[in-house]
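Visitor: A structural model of the following input is requested.
(one chain, ligands or ions: 1)
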Amino acid sequence: MSSRRVVIIGAGYAGVMAANRLAGSKQLGDLQVTVVNPVADFVERIRLHEVAAGSRASAAVPIRSVLGGRADFIEDSASRIDPDNRQVHFSSGRAPLGYDGLLYAVGSGHVSSGVPAGAYGFGDAKSAVRLRARLSQLGEGAAVSIVGAGLTGVELVAEIAERYPLLRARLVSRGIIGGDLSRSGQRAVRNRLAALGVEMLENTGVQRCDDSTFTTAGGVTLHSDCTVWTAGFSVPDLARDSGLPTDAEGRLIVDESLSCPDYPEIFGAGDAVRVPDSVGSHLRMSCASALPLGAHAADNIIARLQNRSPAALSAGYVFRCISLGRKAGLIQTVTADDRPRPFVVGGRLAGLAKEQVCRLTLSWIRGELRRSGSFTWPKGPLPADVAMPVEAR
Ligand SMILES: Cc1cc2nc3c(=O)[nH]c(=O)nc-3n(C[C@H](O)[C@H](O)[C@H](O)COP(=O)(O)OP(=O)(O)OC[C@H]3O[C@@H](n4cnc5c(N)ncnc54)[C@H](O)[C@@H]3O)c2cc1C
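Guide: Numbering: from 1, shown residues only. So this is what the prediction gives:
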């Protein structure tokens, strides 16, 4: 039998996890794995707030330091997928590449639409470098406003406030800051931000902004030398442009096994896919989801190539790990479907744990090179778990 090829589009957490798991698998000796990514770096996106604040020079590591030698690497962007002819086309114009299996793992970036002119979008490597340059130009007392108090906004404002104590760092939240944390988690985040001197504006929507001000939905205009938009990640248009089924945000629609309903040889994993609610209503765009999705998709690609039925995804969470500057953090324990439990760990210990988790992500990815299938993850929620309110337990 001639060798079969799996093409993986995107070398982020999901893509490289899957590539190593597939390339290391002994179940398909004749398998060729080819990874496509626009640059020859793996970007540790979970460290981009460190890069933006200047506490870390770069979040990029050479792709070959995480991607095993048994996988081929093409430095290029996929410009179109032709699902009928099973080919990937490239932006550079190089010859299209055929596949027997495809993994769509193009991830996400910063919000491209909806960021008001005058604000800095944040979420990918370029935006982190741009923001770092701007922060380094600001003088003492300049106001930096981070809009959006999700995990990214909280981590970014803490990092900036710690690194630049002479700037006025401000976190602007449409709701309560840490609203999706337990009461003890909320307290820990607020105490830490207050200790760093972060001004917290809650229940405040931002309507518009320019280079030096922003205006709230309530019509109040505040001075801001740098306004950063962290709310929501956008996904590339590749699936939509290729005529594949997508949701309104452009995420590839997959079934419970992560395969594309119309094209069973195409699988998806990570931020750029929409998993059905039956197995994924609790899943958020995160590295914590991208790794299990990438691993599960790899296992199902093998199953499909062996004419076995792919298995439904079951993936859940145990905790959220948030950095609050270099010297502190928060570990928020959660249910499998990501609802906060009362127990949290804060302070320096949690900061060290978060750093350890960042390192572990790379170890888990590299671990697949030594032993394919070594990465395991918490199972998803059982229907009975989802019904019960946690803080009341
Ligand atoms: C500041 C910050 C902090 C974060 N902290 C955490 C955290 O603590 N915990 C957590 O779980 N998550 C965190 N996240 C979220 C996490 O980084 C993302 O959810 C995760 O990176 C998604 O992984 P992925 O593999 O789907 O995609 P990505 O990591 O985005 O990788 C996708 C890859 O695909 C490539 N690509 C895109 N288009 C194409 C194309 N056309 N052709 C070829 N390649 C393409 C991209 O260049 C990229 O290399 C954080 C994010 C940010 C920005």
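Visitor: Output the contacting helices and strands for the helix or strand containing Arg208.
Guide: Element membership for Arg208, per DSSP states H and E: strand 206-209. Strand 206-209 is packed against strand 213-216, with contacts defined by 3 or more CB pairs under 8 Å, 6 or more residues apart in numbering; DSSP states H and E. For glycine as for every other residue, the C-beta is placed from the backbone atoms N, C-alpha and C.
Visitor: Buried residues, the strand it packs on. List them.
Guide: 213-214, 216 (16 or more other CB atoms under 10 Å).
Visitor: Same question for stretch 353-361.
Guide: Within stretch 353-361, the residues that qualify as buried are 353-354, 357-358, 361, counting by 16+ other CB under 10 Å.
Visitor: Turn the residues you listed into JSON lines, columns for secondary structure.
Guide: Listed next are these as JSON lines, based on DSSP: H, G, I helix; E, B strand; the rest coil:
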{"residue": "Ala353", "secondary structure": "helix"}
{"residue": "Lys354", "secondary structure": "helix"}
{"residue": "Val357", "secondary structure": "helix"}
{"residue": "Cys358", "secondary structure": "helix"}
{"residue": "Thr361", "secondary structure": "helix"}
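Visitor: export those to TSV and tack on pLDDT?
Guide: Converted to TSV, the buried residues of stretch 353-361 look like this (pLDDT from 0 to 100):
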residue	pLDDT
Ala353	97
Lys354	98
Val357	97
Cys358	98
Thr361	98
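Visitor: With distance to the ligand added, can I get these in CSV?
Guide: Shown next, in CSV, are the buried residues of stretch 353-361 (distance: CB to the nearest ligand atom, whole Å):
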residue, distance to the ligand
Ala353, 12
Lys354, 7
Val357, 7
Cys358, 7
Thr361, 8
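Visitor: Among those, which pair sits farthest apart?
Guide: Ala353 and Thr361 (13.2 Å; CB to CB).
Visitor: Skipping its backbone neighbours, what lies nearest the closest residue to the ligand within the stretch 151-300 of the chain in space?
Guide: Nearest residue of the stretch 151-300 of the chain to the ligand, counting by CB to the nearest ligand atom: Gly270, 2.2 Å away. Nearest non-adjacent residue to Gly270, counting by CB to CB, 6 or more residues apart in numbering: Ala14, 3.2 Å away.
Visitor: just checking, that neighbour touches Leu291?
Guide: Yes - between Ala14 and Leu291 a contact is recorded at 7.0 Å, counting by CB atoms under 8 Å.
Visitor: ok, these two, which is more surrounded?
Guide: Ala14 (33 against 24; other CB atoms under 10 Å).
Visitor: Quickly find the element holding the more buried one.
Guide: helix 13-24.
Visitor: can you pull the buried residues of that helix?
Guide: Across helix 13-24, burial judged by 16+ other CB under 10 Å covers 13-24.
Visitor: following that helix, which helix or strand shows up next?
Guide: Toward the C-terminus from helix 13-24 - assigned by DSSP H and E - lies strand 31-37.
Visitor: Which residues does that next one contact?
Guide: Strand 31-37 is contacted by residues 3-11, 15-16, 19, 22-23, 25, 63, 67, 70-78, 88, 90, 97, 305 when judged by CB atoms under 8 Å, 6 or more residues apart in numbering.
Visitor: cutoff 7 Å now
Guide: Outside of strand 31-37, the residues within contact range by CB atoms under 7 Å, 6 or more residues apart in numbering are 3-11, 15, 19, 22-23, 63, 67, 70-76, 78, 88, 97.
Visitor: Could you do stretch 88-103 as well?
Guide: Residues outside stretch 88-103 that contact it (CB under 7 Å, 6+ apart): 4-9, 15, 18, 34, 36, 76-82, 86-87, 265-267, 269, 297, 301, 304-305.
Visitor: Which of the three states applies to Glu368?
Guide: The assignment at Glu368 comes out as helix when based on three-state DSSP.
Visitor: In contact with it, which residues?
Guide: So Glu368 contacts 17, 20-21, 24, 374-375 (CB under 7 Å, 6+ apart).
Visitor: who in the stretch 51-200 of the chain is up against the ligand?
Guide: 77-78, 105-108, 123, 152, 155 (CB under 6 Å from any ligand atom).
Visitor: Closest one of those to the ligand?
Guide: For those, the nearest to the ligand is Gly107 (2.2 Å; CB to the nearest ligand atom).
Visitor: Based on its surroundings, how many neighbours for the closest residue to that closest one other than its chain neighbours?
Guide: Leaving out its chain neighbours, the residue that sits closest to Gly107 by CB to CB, 6+ apart is Gly12, at 4.3 Å. Around Gly12 there are 23 other residues, counting by other CB under 10 Å.
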